[in-house]
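Student: I would like the atomic coordinates for the input below:
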Amino acid sequence: MLAAARPKKWIYNSSVVTDQHPYDIAISLLREKLLDLLDKELPYTLKYSIRHWNVDINGSLDVIIAIDCQKAFTARIVVGTGGRTVTQIARDTEQELRNIFRSEVRLRLIIEPNIDKS
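Tutor: All right, here's what the predicted structure looks like:
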């Protein structure tokens, strides 16, 4: 294979780690943390959306991600007793984002339960 290789200009700069959109990275990391802390298929029933994404003049990233729960019961599970579950998920996701983006990150999660009769 090496013999068949031809010199060519690189498609991406050497500092580029991935071609994945940063929004997708953030949502994937959030889903990963939810999978780690919640029951089996529950994270797959949730919908995620970036509500705010801003990099300030110091290079700090400020992110708000909404988690849309299809049922009020699901939202209660995601929030957890006294908000402990969602706090842990936010803290873990925020740290992973810091590691990946190599900058300060402030993450806020918004849990949005759909109104139902659960």
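Student: the helix or strand where Ile64 lies: how far from the chain's middle?
Tutor: Using DSSP states H and E, Ile64 maps to strand 61-69. Centre-to-centre, strand 61-69 and its host chain are 8 Å apart (C-alpha atoms, centre = their mean, to the nearest Å).
Student: helix, strand or coil for the residue lying closest to Val63 once chain neighbours are set aside?
Tutor: Of all residues not flanking Val63 in the chain, Leu107 sits nearest, at 5.1 Å (C-beta to C-beta, 6 or more residues apart in numbering). Heads up, the C-betas are built off the backbone N, CA and C, glycines and all. Classification of Leu107 using DSSP: H, G, I helix; E, B strand; the rest coil returns strand.
Student: what about the helices in this protein?
Tutor: Assignment of helices within the chain using DSSP state H yields the ranges 22-37, 42-45, 72-79, 84-101.
Student: residues making contact with the longest one?
Tutor: With contacts defined as C-beta atoms under 8 Å, 6 or more residues apart in numbering, helix 84-101 is touched by 17, 22, 25-26, 29-30, 32-34, 36-38, 61, 63, 77-80, 104-109, 111.
Student: again, but for the first one
Tutor: Surrounding helix 22-37, the residues in contact under the criterion C-beta under 8 Å, 6+ apart are 18, 42-43, 46, 48, 50, 53, 63, 65, 67, 78, 85, 88-89, 92-93, 96-97, 100-101, 109.
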